[in-house]
Every structure is written in structure tokens, then in C-alpha cells.
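In: Sequence and predicted model, in that order:
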Amino acid sequence: MKAHLFRALVLLVSALWSTSAAQTRDGTPLSLDSAVALALQYHPSVQGSEAAIRSSAAGHRAALAGYYPSIGVSASGTHTEGTFVFNPSIAPRDQIYSSYTATLQLNQTLWDFGRTSNRVGAGSSLLDASVADDRFTRDNVITNVRLAYYTHMQAKQLVGVTEEAYRSTLEHLKQVQAFYSVGRRPQFDVTKAEVDVANANVTAITARNQARVTRLQLENAIGIRFNGPIMVADTFEVHPFEQSLDSLESEALSGRPDLRAAELRVEANDELASAATSQHFPVLAATGTYTWSNFRTWPLYNRWVAGVTLSLPLFQGFALVAAEQQAEANADAARADLRTAMENARLDVEQNYLTVREALERISASVKLVESSQQSYVLAERQYAAGVASAIEVSDAQLTLSNARITRIQALFDYNSAYARLLRAIGRTQP
């Protein structure tokens, strides 16, 4: 058995290794869909939600047991030795004997005023709620992977922007040093260019470290560690977006799995409250026993008893009243949780809807911003080479261009992140 488990573990580790190697050795980018598929396979929260379904299914089967008879077998054997006194008129006497008994018992509930049916219904609702929770867990895993993927994309793109800015400052420094060497530019321009290079280098170092941090966050969101560099997509996608806020809210209220789970828990708690109330009523059951017994090992003589019992609790120290009050309070709490979840769903949809719309506008505006900044930087470089612009103007133009590119990347990141959250908010995993 241990050998089989060891081989299974080796195969699992090999599969993880081969998955990582296939995505890092040949330079194939890790697509967003691949990252999501890996997360759904390996993330522990998905495994936990699947275990919760199995637990709820077992609870439902336990509730169904109330419909079936209970059958039990018992056996006993005793040996007795000693002096027995039967009554004062008979002298005491010593006796030795053994007794043997075997009993088959059967009990079947005939009617309990809905106690069993309510518990079965509650178990069924809780099982369905666990299934809805599993779907919501998977939605969260998908969304978290998307957000981590977009964050890593953003960090990698910012590395590109900062490194390009660093290279530009180096080229400008070489140009200024050449001009200074022939007396066309003062020492101040050289010093200013050197400061710009140092600042750009620090910014690039920070960006590269942030990319390493976002890689770790992506691995954490997926649930596995990669052996080599992760190559994510180079560009953000902008999906068409035309739905109205009202239609999105309606879709969220009808399609979100967490809202469905909350509704099912309300139903389950209402049924449990009914089951608690039914404990005040009598229970009608059929009973039967079949017994074999004798004072010797053989033969055993048999007898059977069958009957119907009616039990009614009269006073249990107010335990039944307390159980009923507790069940009713749990039902009220479940309804309050449902209302809270619905309000949070509306807020979630509205916030991400507004963020998506705003990010779309910023994306359009940033296109013109980058174009204008690029033209301004090229013009500043030409004017500086012609001697009609200062080093500060070139530095400002370079900083403006870098900021414009960062602004566009930020707008694309904000749009994709908000869009991913909006999909989760309305209960969807695909656009």
C-alpha cells in the first residue's frame, strides 16, 4: 500500500514538474486560460469546497436514515454461583447455573409529524448550497488568477517602460557629454543628465523587483510554483462592453452562486425550525424483538414480541423550547445574511460597472496622451540637438512620456481588473 502511495506521489510531482518545464523551457507564454485551468486543478480552496460537498452529501444521507428501520443484534452470557435465599420457610441452598440470551431488535418510525421529512429537506438544501458554494469558490479562484495575471502583466510592462526610459537617459547622457566635450553645452547639462540616469535606474530596479513580487502572487493564486521564468501575454485585451447597469444587476441577483447558496440556507433553516417545532408532538413507532435464551448452551428457546409505541414528551427541562427558539433565530439570521448578500451584490456590480466605464474612457484618452508625449519628446530632443532647448526641457519631456505610457498601462490594467471583478459580481466566468 505504501509503495502504491509513493508511486502516486512521484507521478504527481513529475506531472507538476513537466507542466512547469513545458511552459518555461520552450518559451511558450503562460496564457490566462492555462493559468485558470491549473488553478482549478491544484488550488487548495477548490479541493476544500469539494470536500464540503462530500460532507453535506453524507449529512443528507444521515437524515435519510430516519425513513429506514433500525435493526440491532445483542447477545449476552452470564454465569452465577452462590447461596440463594428464596423465602424464610425454605432453607438457603447453593446453586450454580449459566444463562445465554441472543436478541434481534427492530424499530421503525411510522409517523413523527414531519420531523424526519423536514430534516431530510434541510439536508438536501444544504447539499445544494454546498454545490453553489463550490461554484462560487471556483469563480473566486478564476477571478483571483485573472487579477494576479493582470497584475504581473502590468508589472512586466512597467519594467519595459522604465528600462526604455533608462536607455533613453543613457543615450541623452552620451549626447550631452559629446556636446560638452566640444564646448556646446555647460557642465550643468552633464550633471543633470547623470541625475536623470540615476533616477531612471532606480525606477527600473524598483519595477523589476515588483515584477518578481507579482510573479509570486500569480503562483500563489494558481496554487503551484514554476521552475523557470513565467512568460505572460504582452498586451491587454479590451472586451466589448455594452450591457446596462440594470441588466447586470438583474443577472447578478439571478445568477450569482453565493446568493443561491444563501437562499438555500434560508430554506434549510426554515425546515430545521419546523423540525424543532415537531419535537413537541408524539412519535408513533413499530417495534419488534426476537429472543433466543436458555440456562444451558443448547437448546435455546425462542420467543418474539411485536407492538406499537406512542411517545409524547411532556417536560424536558425546557430543552425543546430552547431548541425551537434557537432554530428560529438561525432562520432569521439566514434571512438577514441573504439580504446582506443581495445588497453587497448590487454594490459590487455598481462599483465595478462604474470602474469599467471610467477605465474605458481613460484608455481612449491615454492613446492621445501617449502620442502627444512621444511627439513632444522627439521635438525636445531635436531642439536640444539644435541648441534651442534646455536639458530640463528634455528631462521633462522624457518624464512626461514615461508617465503617459504608465497611465495607459494603468488604464488597461484597471479596465481588465474591474471587468474580471464585474464578471464575478454577476455570476459569470466568461465575457
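Out: Perfect, I can see it now. Numbering: from 1, shown residues only.
In: in the helix or strand hosting residue 54, what's buried?
Out: Element membership for residue 54, per DSSP states H and E: helix 44-64. Of the residues in helix 44-64, those buried by neighbour count under the rule 16 or more other CB atoms under 10 Å are 46, 49, 52, 53, 56, 59, 60, 63. All C-beta spots, glycine's among them, are computed from the backbone N, C-alpha and C.
In: And for stretch 280-289?
Out: Within stretch 280-289, judged by 16+ other CB under 10 Å, the buried ones are 283, 285, 289.
In: quick one: which of these sit in strands?
Out: Judged by DSSP state E, the subset of the buried residues of stretch 280-289 located in strands is 283, 285, 289.
In: Against residue 103, how distant is the second one?
Out: It stands for residue 285. Separation of residue 285 from residue 103 (CB to CB, to the nearest Å): 18 Å.
In: What of the first one?
Out: Here the criterion is CB to CB. By it, residue 283 lies 22 Å from residue 103.
In: now residue 41
Out: Looking at residue 41 against residue 103, where the rule is CB to CB, the gap reads 53 Å.
In: Next one, pLDDT for residue 292 please.
Out: pLDDT, the model's per-residue confidence, is 88 for residue 292.
In: which residues touch it?
Out: Shown in contact with residue 292 (CB atoms under 8 Å, 6 or more residues apart in numbering): 101, 102, 103, 300, 301, 302.
In: Looking at these, which two lie furthest apart in space?
Out: With CB to CB as the measure, no two of these lie farther apart than 103 and 301, at 12.9 Å.
In: Comparing these two, which residue is more hemmed in?
Out: Under the neighbour definition other CB atoms under 10 Å, residue 103 and residue 301 were set side by side, and residue 103 has more, 14 against 9.
In: and the one helix or strand the more buried one maps to, how far out from the chain's middle?
Out: For residue 103, the element it lies in under DSSP H and E is strand 93-111. What separates the centre of strand 93-111 from the centre of its chain is 54 Å, taken as CA atoms, centre = their mean, to the nearest Å.
In: what helices or strands is that strand leaning on?
Out: Of the remaining helices and strands, those touching strand 93-111 by 3 or more CB pairs under 8 Å, 6 or more residues apart in numbering; DSSP states H and E are strand 70-84, strand 283-294.
In: Show me the residue at the heart of this structure, geometrically.
Out: The geometric centre of the chain, computed from its C-alpha atoms, lies nearest to residue 137 (CA atoms, centre = their mean), at 3.4 Å.
In: now for whichever strand or helix holds residue 117, which elements pack on it?
Out: Residue 117 belongs to helix 115-181 when assigned by DSSP H and E. Of the remaining helices and strands, those touching helix 115-181 by 3+ CB pairs under 8 Å, 6+ apart are helix 32-42, helix 44-64, helix 187-222, helix 257-278, helix 319-386, helix 391-425.
In: Could I get the average pLDDT for the very next helix or strand once past the third one?
Out: In other words, helix 187-222. Secondary structure here is assigned by DSSP H and E; on that basis, the next helix or strand after helix 187-222 toward the C-terminus is helix 245-255. In this model, helix 245-255 carries a mean pLDDT of 93.
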